[in-house]
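Enquirer: model the following, please.
(one chain, ligands or ions: 2)
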Amino acid sequence: MIELVELSKTYQTTQALAPVNLTISDHEIVGIVGKSGSGKSTLLRLINGVESPTTGRIYLDGQHVQALSKEELRQQKAQMGVIFQQFDLLNNLTVTENVALPLKLQRQKNPELVAELLAFVGLTQKAKMYPASLSGGEKQRVAIARALVRQPKYLLCDEATSALDEANTNEIITLLKKVHQRFSPTILFVSHELETVKQLCTRVFVFENSQYLGEIHNRVEIAEQNELNYFETVKARFL
Ligand SMILES: Nc1ncnc2c1ncn2[C@@H]1O[C@H](COP(=O)(O)OP(=O)(O)OP(=O)(O)O)[C@@H](O)[C@H]1O
Ligand SMILES: [Mg+2]
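Expert: Ligands and ions are numbered 1, 2, ... in the order given. Here you go, the predicted model:
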């Protein structure tokens, strides 16, 4: 569970995020929407621990993140998989090497898991290729496999489909649903594309000019997910 208490961020004189209180349950798929500059990426960076808050606290499973030791913080960060708009793959590494990189940086390896994830995202045939020869949709599928390689509890997506055309966007949304079915991470999906958010998220947080305006329950999507995960559907309705 993620709990944000009076969390805010100010850069010099710019308030990027006004104090916000939010709770996200395990296994939820939440959308974070707002126009450019509304504070969406700032919120993800605070949760991801790459930025520290100006005020407020973040609790992950009841643990106050800012009070953790360096080692505990490292373990918490390992629970976060992140994907970005521009995929952020390393061009001099093959698809397989890109997916394995988060493990390599921890001096670990698990070739079976890497191969399994590549099969899961449908890229076994491209395993030895370099990112330059892949389409945008394929690059994002590599990034998703890479984000999953440390088996994260949370998957943070920052404009993950915003660089893609409609067909590739739909493909990535379908894949993220499959990821949720198979691994059940809590998914935080930041986007300014409302239609895309509507396809994926059961609850949507709305931001404008750094202010949190409120949440919307996406009941259409909840109904669609009925077949996928009945328990989560019931839970979402009781929120
Ligand atoms: N490192 C930084 N230094 C100074 N100001 C920043 C920094 N990062 C973000 N900001 C400012 O904070 C505000 C919120 O930015 P943020 O990137 O969170 O918005 P966003 O909703 O993700 O926008 P976009 O849809 O364009 O990605 C903006 O006014 C931005 O200029
Ligand atoms: Mg952003």
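Enquirer: the lengthiest helix in the chain packs against which elements?
Expert: If you go by DSSP state H, the chain has its longest helix at helix 166-183. Using 3 or more C-beta pairs under 8 Å, 6 or more residues apart in numbering; DSSP states H and E, the elements in contact with helix 166-183 are helix 136-148, strand 154-158, strand 186-191, helix 194-200. Just so you know, the C-beta spots here come from the backbone N, C-alpha and C atoms, and that holds for glycine as well.
Enquirer: could these go into JSON lines alongside mean pLDDT?
Expert: Below are those laid out as JSON lines (pLDDT from 0 to 100):
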{"stretch": "helix 136-148", "mean pLDDT": "97"}
{"stretch": "strand 154-158", "mean pLDDT": "98"}
{"stretch": "strand 186-191", "mean pLDDT": "97"}
{"stretch": "helix 194-200", "mean pLDDT": "93"}
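Enquirer: can those go into CSV with extra columns for mean neighbour count and distance to ligand 1?
Expert: Below are these laid out as CSV (neighbours: other C-beta atoms under 10 Å; distance: least, C-beta to the nearest ligand atom, whole Å):
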stretch, mean neighbour count, distance to ligand 1
helix 136-148, 24, 17
strand 154-158, 23, 7
strand 186-191, 24, 7
helix 194-200, 18, 13
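Enquirer: just checking, Leu73 touches Val65?
Expert: Yes: Leu73 lies in contact with Val65 (C-beta atoms under 8 Å); the separation is 7.1 Å.
Enquirer: leaving out sequence neighbours, find the closest residue to Thr23.
Expert: Spatially, and ignoring its direct neighbours in sequence, Thr23 is nearest to Glu3 (5.0 Å; C-beta to C-beta, 6 or more residues apart in numbering).
Enquirer: coming back round to it: in a markdown table, list the helices and strands packed on helix 166-183 along with distance to Phe84.
Expert: Formatted as a markdown table, these follow (distance: least, C-beta to C-beta, whole Å):
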| stretch | distance to Phe84 |
| --- | --- |
| helix 136-148 | 7 |
| strand 154-158 | 5 |
| strand 186-191 | 10 |
| helix 194-200 | 15 |
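Enquirer: hang on, the earlier thing: give me the more crowded residue out of Leu73 and Val65.
Expert: The neighbour comparison of Leu73 against Val65 (other C-beta atoms under 10 Å) goes to Val65, with 19 against 15.
Enquirer: if I pick the more buried one, what's in contact with it?
Expert: Gly49, Arg57, Ile58, Tyr59, Leu73, Gln76 (C-beta atoms under 8 Å, 6 or more residues apart in numbering).
Enquirer: tell me which of the residues you listed fall in helices.
Expert: Going by DSSP H, the helices hold Leu73, Gln76 from the contacts of Val65.
Enquirer: report the mean per-residue pLDDT for the longest helix of the chain.
Expert: What helix 166-183 shows for mean pLDDT is 95.
Enquirer: dump that helix to PDB, restricted to CA.
Expert: Extracted in PDB, the C-alpha atoms of helix 166-183 (Å, rounded to 0.1, in the frame of the first residue of the first chain):
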ATOM      1  CA  GLU A 166      -3.000   4.500 -31.600                       C
ATOM      2  CA  ALA A 167      -2.300   0.900 -32.600                       C
ATOM      3  CA  ASN A 168       0.900   0.700 -30.500                       C
ATOM      4  CA  THR A 169      -0.800   2.400 -27.600                       C
ATOM      5  CA  ASN A 170      -3.600  -0.200 -27.700                       C
ATOM      6  CA  GLU A 171      -1.000  -2.900 -27.800                       C
ATOM      7  CA  ILE A 172       0.800  -1.600 -24.700                       C
ATOM      8  CA  ILE A 173      -2.400  -1.100 -22.800                       C
ATOM      9  CA  THR A 174      -3.300  -4.800 -23.600                       C
ATOM     10  CA  LEU A 175       0.100  -5.800 -22.400                       C
ATOM     11  CA  LEU A 176      -0.200  -3.800 -19.200                       C
ATOM     12  CA  LYS A 177      -3.500  -5.500 -18.500                       C
ATOM     13  CA  LYS A 178      -1.800  -8.900 -19.100                       C
ATOM     14  CA  VAL A 179       1.100  -7.800 -16.700                       C
ATOM     15  CA  HIS A 180      -1.500  -7.000 -14.100                       C
ATOM     16  CA  GLN A 181      -3.300 -10.300 -14.500                       C
ATOM     17  CA  ARG A 182      -0.100 -12.300 -14.400                       C
ATOM     18  CA  PHE A 183       2.000 -10.500 -11.700                       C
END
